[in-house]
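> Take this sequence and fold it.
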Amino acid sequence: MRILILGGGGFLGRRLAKELIQNGGLVHGELVSLTMVDIAFEDRLRDSRLEYVQADFSDEVTITNILQQQPDVIFHLAAIVSGEAEKNLELGMKINFHASLQILELCRKHAIHPRIVFASSCAVFGCDVSRVITDETAPKPRSSYGTQKAMVELLINDYSRRGFVDGRSIRLPTIAIRPGKPNAATSSFVSSIIREPLQGKKASYPVPPETPCWILSPKHVIKNFIHAANIDEKLLGDDRVINLPGLTVSVVEMINSLEQITGTEVTKLISHEPDAFLQSIVLTWPPYFETLRAKKLGFVSDSSVEEIIRSYIAEEGIVIKT
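Residues are numbered from 1 along each chain as shown. Below you'll find the model as predicted:
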């Protein structure tokens, strides 16, 4: 079995590769090769089956050459994040839409029929935030990022219907807690208000403290990526889009959970600093979901925000001073 991870240099790509190398999990057969594609790699795993290709995901020649290896599964995680895609429409369209269309077209033209797991987003929704999103709710994005993701979802549905690929788009909640440094995603603060204070650094959030968010831990995102790759296409039918399960939790509830675990000295580092640009996007994302189809198909979520925080502390080896 040959696997290709587009966006392999990101933290989810690295984590997914590590899980596949160390523990496997795919039902398609023994891992023969795993190719990672990204414009940069912070660190590299060592395994004879791993190949790193440092390249722009939109480069047609590079991607064509890689596809000649006939990958069985493609994890499409490459993207320009939400805030950057909103500020730079041309770049967002180039990477998030046109490069994704190019992958599908190359698979069609060269008669490659991979199983594609596309990392979409709950940003495809932008309706009344008090409304509960169900499996039947139509996308109505209020950002360029969400629009680009929604367009690729439609393409994957159609290319799958025509038999060119076997795709499945999974709509990710906001991922918390991301390790490393803050990025240009408009939801970056959701991780920062936990991650930075645990490191003794100040952090802020741009939305009202009672703002609810739909979140999922990296651990369960990886489990769901692998599970999505294992689902038989007959179980999906013509609808290849899945709203992942998650947790609805407010900003203040996250801070309170952190305080229960660490004490008040840590949470004193968190402040409220309103930001109109970030609010204009984040406050359009609905936080309430009913994910009956995902649960029926076997996708998983976290049990509590406290579980997410404690899992992050354990994974990062953080020592809590009492």
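> and T248, that's in a strand?
Yes - going by DSSP: H, G, I helix; E, B strand; the rest coil, the assignment for T248 places it inside a strand.
> isn't it right up against L216?
No - between T248 and L216 there is no contact, the gap being 11.0 Å when judged by C-beta atoms under 8 Å. Just so you know, the C-beta spots here come from the backbone N, C-alpha and C atoms, and that holds for glycine as well.
> more neighbours, those two?
L216 (24 against 16; other C-beta atoms under 10 Å).
> Could you tell me how far that one is located from I320?
Computed as C-beta to C-beta, to the nearest Å, the L216 to I320 distance reads 24 Å.
> what do you get for A294?
Using C-beta to C-beta, A294 is found at 33 Å from I320.
> which one of the two has more residues nearby?
The residue with the greater number of neighbours, taking A294 and I320 and applying other C-beta under 10 Å, is A294; the counts read 23 against 11.
> Which helix or which strand is home to that one?
Assigned by DSSP states H and E, A294 belongs to helix 292-297.
> and for that helix, what are the contacting residues?
When contacts are taken as C-beta atoms under 8 Å, 6 or more residues apart in numbering, the neighbours of helix 292-297 outside the stretch itself are 134-135, 227, 231, 235, 242-245.
> for stretch 226-237, same thing?
Surrounding stretch 226-237, the residues in contact under the criterion C-beta under 8 Å, 6+ apart are 16, 19-20, 25-28, 73, 75, 115, 117, 160, 166, 168, 170, 242, 297-300.
> go with 10 Å
3, 16, 19-20, 23-28, 72-75, 115-119, 157, 160-161, 166-170, 220, 240, 242, 244, 293-294, 296-300 (C-beta atoms under 10 Å, 6 or more residues apart in numbering).
> same check, this time on stretch 18-32
1-3, 5, 16, 34, 45-47, 49-50, 69, 72-73, 75, 115, 219, 222-223, 225-227, 229-232.
> mind listing what's buried in it?
By 16 or more other C-beta atoms under 10 Å, the buried positions in stretch 18-32 come out as 19-21, 25-26, 31.
> Let me have those in JSON lines, adding pLDDT, secondary structure and distance to D38 as columns.
Written out in JSON lines, the entries for the buried residues of stretch 18-32 read as follows (pLDDT from 0 to 100; DSSP: H, G, I helix; E, B strand; the rest coil; distance: C-beta to C-beta, whole Å):
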{"residue": "E19", "pLDDT": "96", "secondary structure": "helix", "distance to D38": "17"}
{"residue": "L20", "pLDDT": "96", "secondary structure": "helix", "distance to D38": "16"}
{"residue": "I21", "pLDDT": "95", "secondary structure": "helix", "distance to D38": "17"}
{"residue": "G25", "pLDDT": "92", "secondary structure": "coil", "distance to D38": "22"}
{"residue": "L26", "pLDDT": "94", "secondary structure": "coil", "distance to D38": "21"}
{"residue": "L31", "pLDDT": "91", "secondary structure": "coil", "distance to D38": "20"}
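> Looking at the residues you listed, spot the one nearest D59.
Sorting the buried residues of stretch 18-32 by how near they are to D59, with C-beta to C-beta, puts L20 at the top with 24.3 Å.
> residue contacts, A78?
So A78 contacts 5-10, 13, 37-39, 56-58, 95-96, 99-100, 103, 118-119 (C-beta under 10 Å, 6+ apart).
> Apply the buried test to those and list what passes.
Buried residues within the contacts of A78, defined by neighbour count using 16+ other C-beta under 10 Å: 5-10, 13, 37-38, 57-58, 95-96, 99-100, 103, 118-119.
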